[in-house]
Structures are given as C-alpha cells and as structure tokens.
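# All I have is the shape, not the residue letters:
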C-alpha cells in the first residue's frame, strides 16, 4: 500500500549551503496498514504519540530556515517514528533494543506493548528505513559535491520529566541539550551552538541524550561531514504532552537560525 503522505521530504535550501536540518521525529502520521500492526487502541495510541513525537520541530526548522541568511536544506520525516525510527541502528548495535525500541518499536515510552514481541521488523525496515537512509545519504553526497562539506543539525525535543523508556534519564535536563559525536562534532560547532542558544537558557552536552545522526556511509570516515544534535526541552516552547506551541518557538527558531548562519560560514 502507498502511504497517505510521502515517507520523507528533502526541501531545498540555498545552492551553496552546506547545512542540512534533519527533522526525524516531528510527525504523527501512521499509514493504515502499519497501524493495523499496533496493539494500542486509538486513544492509547494518541497518548503515546503525544509523548513520543518531537512536536513542532518541523515548524521550528521551517521558521529557522526562513530566518537564516543562507537558507539551509531540510530533510524531514513525514511519518511517525512509530512506523520506523530512522535514527536507530537497524541491527544489534542499537542499545535501545533493550527497551523494545530498535528501528521498529515493540514497546511504548512507558514500556507497554506497542506491537507483538515476535514482530518481524524486516518488512518495515525494507519499506521505510532503508529508503530513508539512502535518501539522506544521497542528500549528504550531493551537498559534499557542491559545497565541499556538510553540517547536519539534528533537530529534536524532549520532555521535561524523564519517561520510563529512557536509558540515561537520570542526568541533567537543560533547556537545550547538545548531542555530539567524537569524530563528527568539531569544537567550533559546539561553541557556535552555545552562543546561538545562549538566550534560551542553559545548554549541556550529551545529557539526557547523546550522539547525533550521520548516514552510515560517512560515519567515522568522512571528516567533511560534521554533525550536532539539538535537543530542546519541551516546556520551553509548548504545552506538554502533545499540546500547542507557544511564543518560545520563535525565540528558539531565531537561535537555530543563528546556528545555521554560523555553520554556513
């Protein structure tokens, strides 16, 4: 069956921009045939989406792109991460398998059944995960060819209070968490992010979430691909869980635009 919306979308920026804003977890859409494999009733599924979706991050990236001096490219997931999570490893390397949240989730944020435990992830991985990974790889390859370098800014949000599924939820939960990679996150990118988000409250490194997204073809081998994850605490811009955005969204979009501008130079 064809999804009711595209699985993902690459939104062009300025021809010479090296920046890709990656928005993997902003959507709530689940194709009907995928919904059929989820054991939650409709109201429970809506509650789970309220908790798991990085609400309004696509709007945040769009507003930031519009405010940037050199418009970044945007790669946006148009389906819920409950279909597949494109940022997970698709194999045993993924630590979130311990809580039923590999590339295809079988457990909810509260560790309740989402799909049957014996669900075969491969059909969803083949249908959604691999095409997404290929398209993101192609986007990075094209930016490398044109701009000579790439800066992936991974745009996320997270709840004020830890959810039961979190493996590292005991650490600080600052207004802005910067997720880094030892190979792909240069110090100057972290400095630029700290400066850009200084007006949005405290920033911290890799707490409560660490790492950032790099297509596997470049991971640990291509120094021209830089990356940083921005995790924004949801109470700074929206009503939790799953509520509307507030005025904080514009302030954060301006900060993200400042980071894009710094990364583009």
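Looks like it arrived, so ask away. What you see is a predicted model, and the numbers here were worked out from it, not measured in a lab.
# could you pull out the strands for the stretch 151-265 of the chain?
Remark: strands assigned in the stretch 151-265 of the chain by DSSP state E, counting those that start in this stretch are 176-179, 203-205, 225-233.
# Going by residue numbers, what spans are helices in the stretch 51-200 of the chain?
Counting by DSSP state H, counting those that start in this stretch, the stretch 51-200 of the chain has helices at residues 57-67, 122-124, 130-147, 187-196.
# Roughly how far does residue 123 sit from residue 63?
If you measure residue 123 against residue 63 using Cβ to Cβ, to the nearest Å, the figure is 36 Å. Bear in mind the C-beta positions are built from the backbone N, C-alpha and C, glycine included.
# Could you give the number of residues near the closest residue to residue 62 other than its chain neighbours?
Excluding its sequence neighbours, the residue lying closest to residue 62 (Cβ to Cβ, 6 or more residues apart in numbering) is residue 74, at 7.2 Å. Neighbours of residue 74 under the rule other Cβ atoms under 10 Å: 23.
# ok, now which ones touch residue 74?
Counting by Cβ atoms under 8 Å, 6 or more residues apart in numbering, residue 74 touches 9-11, 13, 20-23, 61-62, 65.
# Switch these over to a markdown table; also include pLDDT and distance to residue 170.
Putting the contacts of residue 74 into a markdown table (pLDDT from 0 to 100; distance: Cβ to Cβ, whole Å) gives the following:
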| residue | pLDDT | distance to residue 170 |
| --- | --- | --- |
| 9 | 97 | 36 |
| 10 | 98 | 37 |
| 11 | 98 | 37 |
| 13 | 98 | 38 |
| 20 | 99 | 32 |
| 21 | 99 | 30 |
| 22 | 98 | 27 |
| 23 | 98 | 27 |
| 61 | 98 | 29 |
| 62 | 98 | 34 |
| 65 | 98 | 35 |
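# Compare these and tell me which is most surrounded.
Neighbour count (other Cβ under 10 Å) singles out residue 21 as the most crowded of the contacts of residue 74, with 29 neighbours.
# hmm, back to that, quick one: closest of the strands of the stretch 151-265 of the chain to residue 255.
strand 176-179 (8.1 Å; Cβ to Cβ).
# quick one: strands adjacent to that closest one?
strand 203-205 (parallel), strand 225-233 (antiparallel) (DSSP bridges).
# Let me see the mean pLDDT of the shortest one.
Rounded to a whole number, the mean pLDDT of strand 203-205 is 97.
# List the buried residues of it.
Neighbour counts over strand 203-205 (16 or more other Cβ atoms under 10 Å) mark 203-204 as buried.
# Can you give the contact residues for that strand?
172, 174-180, 190, 193-194, 197.
# Can you pick out the most distant pair from these?
Farthest pair in those (Cβ to Cβ) is 175 and 180. Separation: 17.2 Å.
# low pLDDT regions in the stretch 101-250 of the chain?
For the stretch 101-250 of the chain, no stretch has pLDDT under 70.
# thinking again about what came up before, most neighbours per residue, which of the helices of the stretch 51-200 of the chain?
For the helices of the stretch 51-200 of the chain, the largest average neighbour count (mean count of other Cβ atoms under 10 Å) is found in helix 57-67, namely a mean of 21.
# and it with strand 225-233, angle?
For helix 57-67 against strand 225-233, the angle by axes from the mean of the first three to the mean of the last three Cα atoms, to 10 degrees is 120 degrees.
# tell me what helix 57-67 is packed against?
Using 3 or more Cβ pairs under 8 Å, 6 or more residues apart in numbering; DSSP states H and E, the elements in contact with helix 57-67 are strand 19-23, strand 73-77, strand 150-158, helix 248-264.
# what's in contact with it?
Helix 57-67 is contacted from outside by 11, 13, 21, 23, 25-27, 71-72, 74, 76, 155-157, 232, 237, 245, 249-250, 252-254, 256-257, 260, using Cβ under 8 Å, 6+ apart.
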